[in-house]
Structures are given as C-alpha cells and as structure tokens.
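Engineer: Predicted model and sequence follow; I will ask about them next.
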There are 4 protein chains.
Amino acid sequence: MKFALMGGDGRMAQLARLLCADGHRLAVYALERAELPPECRGAVSAEDCARHADCVILPLPLSGRQGYLSTLLSAREVPLEEVFDALPRGVPVCAGRVDAAAADCAKRSGVGLIDYFEREELCVLNAAATAEGALELLIRETPRTLLGSRVLIVGYGRIGRILAARLRDMGCAVAVASRKYADAAWCRAFGLEPLDTRALEGHLRDFDMVVNTVPAPVLGEARLRELRPGALCMDLASRPGGVDFAAAAALGVHAVWALSLPGEVAPVSAGEIIRDTIYNILREQELM
Amino acid sequence: MKFALMGGDGRMAQLARLLCADGHRLAVYALERAELPPECRGAVSAEDCARHADCVILPLPLSGRQGYLSTLLSAREVPLEEVFDALPRGVPVCAGRVDAAAADCAKRSGVGLIDYFEREELCVLNAAATAEGALELLIRETPRTLLGSRVLIVGYGRIGRILAARLRDMGCAVAVASRKYADAAWCRAFGLEPLDTRALEGHLRDFDMVVNTVPAPVLGEARLRELRPGALCMDLASRPGGVDFAAAAALGVHAVWALSLPGEVAPVSAGEIIRDTIYNILREQELM
Amino acid sequence: MKFALMGGDGRMAQLARLLCADGHRLAVYALERAELPPECRGAVSAEDCARHADCVILPLPLSGRQGYLSTLLSAREVPLEEVFDALPRGVPVCAGRVDAAAADCAKRSGVGLIDYFEREELCVLNAAATAEGALELLIRETPRTLLGSRVLIVGYGRIGRILAARLRDMGCAVAVASRKYADAAWCRAFGLEPLDTRALEGHLRDFDMVVNTVPAPVLGEARLRELRPGALCMDLASRPGGVDFAAAAALGVHAVWALSLPGEVAPVSAGEIIRDTIYNILREQELM
Amino acid sequence: MKFALMGGDGRMAQLARLLCADGHRLAVYALERAELPPECRGAVSAEDCARHADCVILPLPLSGRQGYLSTLLSAREVPLEEVFDALPRGVPVCAGRVDAAAADCAKRSGVGLIDYFEREELCVLNAAATAEGALELLIRETPRTLLGSRVLIVGYGRIGRILAARLRDMGCAVAVASRKYADAAWCRAFGLEPLDTRALEGHLRDFDMVVNTVPAPVLGEARLRELRPGALCMDLASRPGGVDFAAAAALGVHAVWALSLPGEVAPVSAGEIIRDTIYNILREQELM
C-alpha cells in the first residue's frame, strides 16, 4: 500500500520505518530530522506527500500549538488547514488525539478524521507501556525496594488495572481505590485490596507510594497532608491531572507528574502499537 | 435488620447462616431441610415469612420448574404467584436470575424485583469461583499436568479473563479466542496469546485443552474434528452452551459440560458473594 | 536404543509408550495388563527381557512387598533376586526409590543400581505435579474458594516452594513455616509470609487451610487443637507423614493424607518425567 | 543494646538510623558526613567508638583501598589494623564482604570476624533488590516495552531466579541458561524456558535482551557477535564479570555493566536487610 505520513515525533519516525519494513511505499512530510530508510520519499509539500496515497497518517497528538500540525522533527510550521486542504477524497485519514479545534477545521475542509487514539486496542497497549514507565520511576524515585512496599493506586481503568497487576507481581501490597462495586470485585479476583475513592481518609498514611490515574482532583491538600513522611505521590493522569502539586510542594511531599510515558520509555513499541491499530482500521474498512 | 428468605439451595442456607452471624433477624420459608441456626424463625407460609421484613431475598435461580419457586431444600411446591402476592409493599425484593415468565408474574402482582444476578460485582466473584472449579476439573480430567499444557479459552468475558490468568499462572501456555481487537490487546498486556474466534481453523490441533465460555455454537463438529487425539473439551457456558456434545460423542472427543460450579465447589463463598451483593443493594438504597 | 522394562504401574506403561514413540526398541516383562503398542516385545522371563538391552529400567518404587518387584499391572510375583541375577553386565540399570533391602540384594548380585528417584530434576517436576494434585484437592475438599483463603504451608522444600507460588497466584494469602532464615528471605522475595516452624503456636488459628510437606511430626494434637473450626489439614509428606491423624479424628479436624499424587493426577506427565530423567542419565554416561 | 558502627556508605548511615529507631544506643566513627539522629554518639577514635559496645558493625564492603576501612562518608583514612586493635574481646564483630587481606589482618589482631555478606538471607534479599535495579535499567535502556520482549538470563542462582520470575511476570518470554538438569527442571516448573549454557550458539539471535549473572566469561566475542542488532547485553556479575565489554564496544553491541544495585536503587531497604541479618546473627548467639 501507499502511505503518506506528516509531522509528529519519534513515534511517527518509528512508524515510517516499520511501514517500510513491511514492504509498503511511503511519502513523508515535515519529518526532516528523522532518520528514515532511503525508500521513504521526502515530499516537498503536504499535497505532494498525500498524492496517490491509499491512507494518510497524521501524528499523535495531531496538533502542536493550536491550529498547527505537531512537527517535533521538523523546522516547518504547517497549518492544519493547509494539510486538510491537500488531502485526496475517499482515502482514510488517521490522526491521534484530535482536539475540538482541529476536528472543526477538518470538517470545514470536508475531511473525515479517524482518531486512532480513541481505539481501545491502542489505549490498552499504551497503558501497558505507561505502566512500565511508571514502574521504572517508582523504582528510581524511592529509596526502598518495591518488594514489600505498600502502594495505593487511585483508579481502576486501563492503566490502573495493568499497573496494579505489575506491582502485585513485584511483591507490593497493592490497594486500589475506585468508586464502583464492580471494580472492587475485580480487585478481589486479582488479589488487590479494594478501597472506596470517596473514603480514603484514614487510609492514606498506610502507603509508601500513591499513584493517581484519574483525571480529577482526587489528591488535594487534605489528603496529601495525611501521607506518611517520605511517601511518594505519582500522577499518571493527563492534564489537568489529579494531584495538587502546589500543595504537595508546600507540604514537602515528594510528588512526580509523569506524562507521555509510552513515547518516552518505549518509542519503538509505541510506533508498533500505532501501526497495528492503523492496520486494524484498514482491515475493518476492507482496504487491507 | 429483618430479612425474609424463601426457597433455594445450599447457597440460601449459607446466606441465612451468614445473615444470622452478622446479627440480623431472619424468617425463612421453604428451607426445611437446611441446617440453620436456632435464631432463624421457620415461617409457615410465604406471607408469614415476609411479614415485618425490611428486605425479602428469593433464591438464585428464582424459579425451579416454570411458575414455581426453586425449592431444593424443601418438599413444598410454592407457586411464584403465591410468593409475590404475599410480599409487603415498599420493601426491596431481591431475586437471582429472574426469567421472563417470573418477571411477568411479579409485574402482575405489582412487585418490583431486583435481580442480584445482574449485578456486576456478583458476576465477577462468581466467575472467580467458576474459574477455580474449572481448574479443579482440568487437573482431574486430564492425565497431564497443567504445567506445560497448551490451553485455548474461547471468549474473554468475566470467566475467560480470570480463568486465563489462573491457567497462565499455573504454567500453561494460554491462547484466548475473541472477536474484538480490544480483547486481543488485553490478552497481550497479560501475557496471553490472542486468536480470532472466526479463524480458529488450523489452530485447534495445537491445544491439549479447549475451554469454551461463550453461549453460542462455537465448537461444532468441524472444529471438534480438528482437535488432537486425547484433547479435552470443556464447556463452561450456560444453556444452550457452545459445544456440540453429540458430535463430540460421535468423534470420541472427551467433552465435559460444567455448570453451576460456584455453588458446587464453593457453596460458602457463593453464599458470601450473595450476601455482599445484597448489602451493596441496600447501601445504594440507603437502607443500610 | 534397546530398553528392557519390568514391573511397575501406569507410569511404566506410559514410559513404554513414550520410548516406543521416540523410536526405541523395547522388551517388557511383568506388565501384562498394560495396553502397549504392538512393537513392544512381551518377554517370558526377566532374563529374556534383559537380553540385548542397552539399558534396563525398573519401576518406581522398585519394590512392592519386601524382596519382590513392584508389579501392579501383572499377576506375576517376581523376586528381586531373580531380576538382578538376570541382568547383563555393563549396562545401566535404573530403578526408582530403592529401599535398603533391595539395594543389598542388588549388591549381592553384583548389580549397580542408579536410583532415578534421587535425581533432582525428577524430584522437582514430581513436586510440580504434586502441587497440582494438592491444589485440586484443596479446591474440592473445602467449601470456600481458594481466592481469599489464608493458607499455611509447613516446609519450604521442593513441594513447598512450588505449591506456595501456585496458591499465591490463585489469590490465597500464603504463609510458609520453616526453620531457616534463608527460607524466610526467599519467602519474602516471592511475596509469602515467613513463619518459624518452632513457633507456630498462636498463629495456627489464622488459617483456613494448613498443608504439611515435612516428614516429621510437626502437626501434633496441641497444634491441631489450635486450628479454627472447619479448617482443612492436608498432609503431603511421605510416610510416616507429619500430621497426627488419630488426634485429628478425635478433635473433629478435617484431615487428608494425599500420597503419590503425580502418578494419580498426571500419569502421562509422570511417565514423561521418568523418561526425560533416564535420558539425562544416559547422556551423562555418554550412551545417548 | 549498645552498637558501634564504623565507616561505610549510605547503607551504614541508614543502618544507624534504623538501630536508633529500634531503641538501641549507638556510637559511630568515620561517618561524619552522614545525617544521623542526635542520639548517635560521634566517637573520636575507633577505640572510643567500640568501648562498651555489645556488638561492633563494620561496613559492606569492609575495605576501601587495601588495608583501610571503607569510609565513603568520612574524610578519615582508617587503617584496618587500627580498627581491629581497638576492638574489645568477647564481643561479636560483624563485617561485610571481608577480603583475604582484611581477614588475615583481623586474625593477626586476634579478632574473629563474622562476615554478614556470606549469610544466605542477606544475599537473597540483596538479590531481590538487584533484580529490581536490573528491571529499572532494562526498561530505561531499551526502546521497547519489556512486555513481549524475549529475554535470556544466563545463570540461575539467586539473582537469576528472582529476576527471571519478575521478567516473566512483566510479560517477557524468558529463557534461562544453566548447566544443570535440576535448574532446567526448576525453570520448567516456573514457566521459564531452560537452555544449556554450553550450547547457546544458534539461540542468541532470538533475544532482545541478554542478562548475565554468572561471574565467568560466558559472553565472549563469538557469542556477542550472534546477538541481533539492537539487542541489549547487561552484566550483573561482580568483577571480573561475564561479558567481554571490549568486544561488545568493537561490535557495537549495547552493553551495560550494573554493579552494586541494591545500595544504589534501594539504600533504605539495603540498610534494613543488613540490620535484620545482624539481628539474626545476635539471636543465633543468644545475645538478643
């Protein structure tokens, strides 16, 4: 197949290498600083790039500053409008984490975007990569072994589920805070202690580490104040996050906000995950 | 609180013992053959039983033969209509696995039933008990150790998820067949090999054991024919199940249909699961 | 190669089938009731069986009643002396669990026995099969799920190590009693609670199940008396075992003595384990 | 009790804090740069420090440059002879990783050293800390997730056993190279693929990561040459290690030598492990 890739970071570069290795033909634009195989044709414009493509792939996240394509491996500034206007009709256009402004802009250009960041299979495997990155940080940022530590994970979504299992297997005593009885049952089935997110008071001092995965203000000043001295507080939730970092700093709580872990700790795997998801999308549309 | 319990099997008896142990007052009906603590008042009729109750608990499953209360620990035949007509208004009535006929009958009597078998937390913990029962059968029914065996699990619902994790931890090489890309991603995150239920052909001969958890005809004659000699085929799906047992018999495939495992291998835990779920229901209604 | 097999139970029959399947030539004696492939030559005497063999395999255990070959699949009574006198010189003779009398007898006949039951690799894999059998019994003999149960394992040898890991993975809270600080450290490394076998008093009532693996009288009357009502006590130690069963019966403690689990729950795997061990022996002697 | 501590690194400082927290009285020497609780008496000489002590604790490792006490948290240069001559008779003297020269020196001064680094329980828990540090490095140094990676561990001693289990639980396909049939059996029992250290040729290109734990030259040029491009080679063995780093550099193999991980990634736990081991020693001598 013929793919057009534009913009993005190391994951897009990795994706380009993987697509080449799978035997596809590629045109790339706004990826000048990436080391790519010679078979990748460097295009001179978005239009040149998209011409003849069977599928267009835009980066994760789609936008850098508002209205512009994210281009971390290029000096170019590419307005999204320019990209969208260059795209051929009738060809799937995949983009990651499309914000409202970008979605509007695409609509105005008559482009239907498929947001691969909303695909469950991508989110699950990204969560697995996030859990590994979190594990690395927890080992590095604490002066104790995970073995024997008591950890509280707030939230039992994708990241919470995988991270809880990993930490339990590393020999931590793991508690999971959630609001749902069903989550509590799943926790019990997998050897985790269930707690109620609404009633953490009185429990927080039991933990050596607290990891938040919920994008809601669950760890405010009162709760941070309850943590035992030396406890680590890690936030894995996307902006606006769930930890009051200002309060943590004032209280002397060791707090870490870890964002975008998959691309950082496992860029090759992150590229593979995007590729597999794009393939699934194409298979569902019977284009592959 | 005051509870009224009517009918059911060993799990209802266990539930009665647990409620007494928690300090509640109990009236029971149609449970004559159960060994119950002396504090349990034996009622002479459904009406007598339900009188003054704060909560009525009917069994899992609710119905034995159609239109009648399930009463495995009693010689009585109790029409559901008689039960429903005896119930006081304004009191929660909990029942398990309510079939359509019973639901209609309750409606006619003006009774609103809460089906605790539809509660996710009960289903998850029941699935954990089912997985243990399945494990026991797999050890007993095969002449090999699970350690080193290759197992295919069809379906990645509640039972599939827990059983797959247990078998992996026992040292099996576990593959899971599902139709969803997201399930495949979860499988990969948890060290299980994902397969596509629609494309099992050519894979089935790789397995020493195949366990179905899907209530759909997934293992028909053609697929059973592909199994290797001596392979075990176990069905955990409720009626109508997913294995063609007639074909299995004709082909000489060792096939086992294992139903109602929680009540059989872990009646005490099964009773505790029902109790905890009833308490959750009462808490949500702010009655507890 | 040419093998001679004499006596034994289902594991020897399985071993014969496996050796045939591997392309070896076989003569068997005192295995009349076993279903064997036609290529297996049935010998008319021990001497006839052993003639031309490159390796002689005697059963596990070697002796039935004292001085006689164990022959559970034959009506013959074969004195060990007759067997030993029939064996050719210069050929490895492998036997399992050789008792002192049999060892003496072999010495008198000038036969050097290799006891494959003393090989670590066989014992480890037998321990894994034993752990599975124990797991099956624990699920079957208790009315609760293993999930959430508290289990004490006495002894951290081969069986203790594997069973403890399996039960932990099934969601039990597992404590292990041992006398060594090093065992306690291994337990901590693998998420198990270490206890001191000499100081179990005051702890025993915490457990739903107690499993002994030590061939020493560790669970006598005083300790059995401490168990909570309904607790299960399982002994996996060979004779004389470690549980006072008379005291257990008098106290109403549910006690189970499970012996010879590998041959019972996994005869095919048990045969494979013996075969692999025999091969290792032959490889070490550069005969294979 | 009264303890005297001299020299060492962060672990000795941590040990001092822990012994204080347990209510013991402490004198310290050659630890000036450590932050210690005010109850710790700073001694002016080795003799002053050891006076009245019930137990003397020297660091891990005992020696810095040959013949001198290791003193990473002090500007002092303290000859071992001076230390040994200052010690009271009849009091246990514990030291870590005592080299031959230091042992000779102690003997000449009539001091019997107890090397706590030879205690199995300390080595096991140190191995667990090493495994965590290795895990952190493997996540950080590779651009893929551990999930789905193929890892070879050379050696199945303490570190090999724990690291193999951890990586398996993280979703790696783990192979373990050893020379013993018994190790191979243990590997199979725990879901690891056994390989023969003497016959790794032809297998090495299968792995994304190779971790050596054996202090012998197992990964020389020929084997390193077989690794797949991009594979990571990590050495956890103490000097002289097991990887030919010069050859690795020449071949462009990404090789990492990770030493002293416990003190680096988990100094608090490392201190606790030493404390617990010292307590065990004192208990065995019935001094505690």
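Structural biologist: Happy to help now that I have it.
Engineer: Who are the contact partners of the closest residue to chain D within chain A?
Structural biologist: Going by C-beta to the nearest C-beta, chain D is nearest to A:D169 of chain A, at 3.6 Å. C-betas here are computed from N, CA, C, even on glycine. Remark: with contacts taken as C-beta atoms under 8 Å, 6 or more residues apart in numbering or on different chains, A:D169 is in contact with D:R166, D:D169, D:M170.
Engineer: what would those residues look like in CSV with secondary structure, pLDDT and distance to D:A21?
Structural biologist: CSV is the format used below for the contacts of A:D169 (DSSP: H, G, I helix; E, B strand; the rest coil; pLDDT from 0 to 100; distance: C-beta to C-beta, whole Å):
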residue, secondary structure, pLDDT, distance to D:A21
D:R166, helix, 98, 30
D:D169, helix, 98, 33
D:M170, coil, 98, 34
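Engineer: any chance of the residues you listed in JSON lines, with distance to D:V176 too?
Structural biologist: Shown next, in JSON lines, are the contacts of A:D169 (distance: C-beta to C-beta, whole Å):
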{"residue": "D:R166", "distance to D:V176": "13"}
{"residue": "D:D169", "distance to D:V176": "15"}
{"residue": "D:M170", "distance to D:V176": "15"}
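Engineer: wait, which of those residues is closest to B:E118?
Structural biologist: Of all the contacts of A:D169, B:E118 sits closest to D:D169, with 34.3 Å by C-beta to C-beta.
Engineer: Check the gap between the closest one and A:L135 for me.
Structural biologist: Applying C-beta to C-beta, to the nearest Å, the value for D:D169 to A:L135 is 11 Å.
Engineer: Going by distance to chain A, which of the contacts of A:D169 wins?
Structural biologist: Nearest to chain A among the contacts of A:D169: D:D169, at 3.6 Å, using C-beta to the nearest C-beta.
Engineer: Quick one: name the residues of the stretch 101-250 of chain A near chain B.
Structural biologist: A:119-122, A:124-125, A:127-128, A:162, A:165, A:180-182, A:184-186, A:188-190 (C-beta under 8 Å from any C-beta of the partner chain).
Engineer: again, only this time at 6 Å
Structural biologist: By C-beta under 6 Å from any C-beta of the partner chain, the residues of the stretch 101-250 of chain A that approach chain B are A:E120, A:E121, A:V124, A:L125, A:A128, A:I162, A:Y181, A:A182, A:A185, A:W186, A:A189.
Engineer: would a markdown table of these with distance to chain C, neighbour count and pLDDT be doable?
Structural biologist: What follows is those, written out as a markdown table (distance: C-beta to the nearest C-beta, whole Å; neighbours: other C-beta atoms under 10 Å in any protein chain shown; pLDDT from 0 to 100):
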| residue | distance to chain C | neighbour count | pLDDT |
| --- | --- | --- | --- |
| A:E120 | 27 | 15 | 97 |
| A:E121 | 27 | 21 | 97 |
| A:V124 | 22 | 24 | 98 |
| A:L125 | 24 | 30 | 97 |
| A:A128 | 20 | 30 | 98 |
| A:I162 | 17 | 25 | 98 |
| A:Y181 | 16 | 22 | 97 |
| A:A182 | 16 | 17 | 97 |
| A:A185 | 11 | 26 | 98 |
| A:W186 | 12 | 26 | 98 |
| A:A189 | 7 | 23 | 98 |
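Engineer: Just the ones in helices from these, please.
Structural biologist: A:E120, A:E121, A:V124, A:L125, A:A128, A:I162, A:Y181, A:A182, A:A185, A:W186, A:A189 (DSSP state H).
Engineer: Wait, the second one touches B:K180, no?
Structural biologist: Put plainly, it is A:E121. No: counting by C-beta atoms under 6 Å, B:K180 is not a contact partner of A:E121; they are 8.3 Å apart.
Engineer: So which bits of the stretch 151-288 of chain A are right by chain C?
Structural biologist: Going by C-beta under 6 Å from any C-beta, the residues of the stretch 151-288 of chain A near chain C are A:G171, A:G191.
Engineer: Quick check: which ranges of the stretch 151-288 of chain A have low pLDDT?
Structural biologist: Low-confidence segments of the stretch 151-288 of chain A (pLDDT under 70): none present.
Engineer: where exactly do the helices run in it?
Structural biologist: A:158-169, A:181-189, A:221-226, A:245-251, A:261-265, A:267-284 (DSSP state H, counting those that start in this stretch).
Engineer: Pretty sure A:C172 sits against A:L146.
Structural biologist: Yes: between A:C172 and A:L146 there is a contact at 5.3 Å, judged by C-beta under 6 Å.
Engineer: Which one of those two is surrounded by more residues?
Structural biologist: The neighbour comparison of A:C172 against A:L146 (other C-beta atoms under 10 Å in any protein chain shown) goes to A:L146, with 27 against 24.
Engineer: would you turn the ones in helices among the residues of the stretch 101-250 of chain A next to chain B into a markdown table with distance to C:S238?
Structural biologist: Output for these, formatted as a markdown table (distance: C-beta to C-beta, whole Å):
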| residue | distance to C:S238 |
| --- | --- |
| A:E120 | 52 |
| A:E121 | 51 |
| A:V124 | 48 |
| A:L125 | 48 |
| A:A128 | 45 |
| A:I162 | 43 |
| A:Y181 | 47 |
| A:A182 | 46 |
| A:A185 | 41 |
| A:W186 | 41 |
| A:A189 | 36 |
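Engineer: Show me where chain A has its strands.
Structural biologist: Secondary structure of chain A (DSSP state E): strands located at A:2-6, A:25-29, A:41-42, A:55-57, A:93-95, A:113-115, A:150-154, A:173-178, A:193-196, A:209-212, A:232-235, A:254-257.
Engineer: for the ones you listed, which one sits closest to C:V218?
Structural biologist: C:V218 lies closest to strand A:173-178 among the strands of chain A, at 28.2 Å (C-beta to C-beta).
Engineer: just checking, what packs against that closest one?
Structural biologist: When contacts are defined as 3 or more C-beta pairs under 6 Å, 6 or more residues apart in numbering or on different chains; DSSP states H and E, strand A:173-178 packs onto strand A:150-154, helix A:158-169, strand A:193-196.
Engineer: Direction included, what does the last one pair against?
Structural biologist: So that's strand A:193-196. Its sheet considered, strand A:193-196 pairs with strand A:173-178 (parallel) by DSSP bridges.
Engineer: just the angle between the strand it pairs with and helix A:181-189, please?
Structural biologist: Using axes from the mean of the first three to the mean of the last three C-alpha atoms, to 10 degrees, the inter-axis angle of strand A:173-178 relative to helix A:181-189 is 170 degrees.
Engineer: For strand A:173-178, list the C-alpha coordinates in CSV.
Structural biologist: Presented in CSV, the C-alpha positions along strand A:173-178 are these (Å, rounded to 0.1, in the frame of the first residue of the first chain):
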residue,chain,number,x,y,z
ALA,A,173,0.9,-5.0,48.8
VAL,A,174,-1.4,-3.2,46.4
ALA,A,175,-4.7,-1.4,47.2
VAL,A,176,-6.9,0.2,44.5
ALA,A,177,-9.3,3.0,45.1
SER,A,178,-12.4,3.1,42.9
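Engineer: how many degrees apart are it and strand A:150-154 in direction?
Structural biologist: Using the same axes, to 10 degrees, strand A:173-178 lies at 20 degrees relative to strand A:150-154.
Engineer: tilt between strand A:173-178 and helix A:158-169?
Structural biologist: 160 degrees.
Engineer: now the strands of chain A as a markdown table including mean neighbour count?
Structural biologist: Conversion of the strands of chain A to a markdown table gives the following (neighbours: other C-beta atoms under 10 Å in any protein chain shown):
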| stretch | mean neighbour count |
| --- | --- |
| strand A:2-6 | 25 |
| strand A:25-29 | 23 |
| strand A:41-42 | 15 |
| strand A:55-57 | 26 |
| strand A:93-95 | 24 |
| strand A:113-115 | 20 |
| strand A:150-154 | 24 |
| strand A:173-178 | 24 |
| strand A:193-196 | 18 |
| strand A:209-212 | 27 |
| strand A:232-235 | 24 |
| strand A:254-257 | 18 |
